[in-house]
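Colleague: When you get a sec, could you give me coordinates for this:
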Amino acid sequence: MIATPEYNWSIPSVLKNALDWSSRVEKVMIGKPTMVIGATQGMLGTIRAQLHLREILASSGVGARLMPTGASEFLINNVQQKFDESGRFTDEPTLALLDKIVHQFVDFSQAK
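Modeller: Here you go, the predicted structure:
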């Protein structure tokens, strides 16, 4: 599972660099079950960053086995409104959706 914020409609450069390094020599991501999630203060919930990240993960050098898009996409928008004063995530519908999607990811990762 890779969580990413969104910077200028893409992923952070440090994440891109880590994926580039992982695509060299041993290519540790090839065939590895992967799910993408993200959170942002904006309205679109990292959709652009996730699309870009999925393209990178699907490239021949990285070759991750991506959980299909659709019901599996997890984007948290307006994240600043979903925490209480102590920093606890309190948005119950979002928590329920995350729980559902994580279970789907477990099933996906165990499937051959």
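Colleague: Please make it C-alpha for all contacts and neighbour counts, starting now.
Modeller: Fine.
Colleague: which phi and psi does the residue most central in space within the chain have?
Modeller: Geometric centre of the chain, nearest residue: V36, 2.0 Å, by C-alpha atoms, centre = their mean. Main-chain dihedrals, V36, degrees, to the nearest 10: phi -110, psi 130.
Colleague: Where do the strands of the protein begin and end?
Modeller: 2-4, 33-34, 36-39, 65-66, 74-76 (DSSP state E).
Colleague: can I get these in JSON lines with mean pLDDT and distance to L98?
Modeller: Shown next, in JSON lines, are the strands of the chain (pLDDT from 0 to 100; distance: least, C-alpha to C-alpha, whole Å):
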{"stretch": "strand 2-4", "mean pLDDT": "93", "distance to L98": "12"}
{"stretch": "strand 33-34", "mean pLDDT": "94", "distance to L98": "15"}
{"stretch": "strand 36-39", "mean pLDDT": "92", "distance to L98": "9"}
{"stretch": "strand 65-66", "mean pLDDT": "94", "distance to L98": "17"}
{"stretch": "strand 74-76", "mean pLDDT": "88", "distance to L98": "7"}
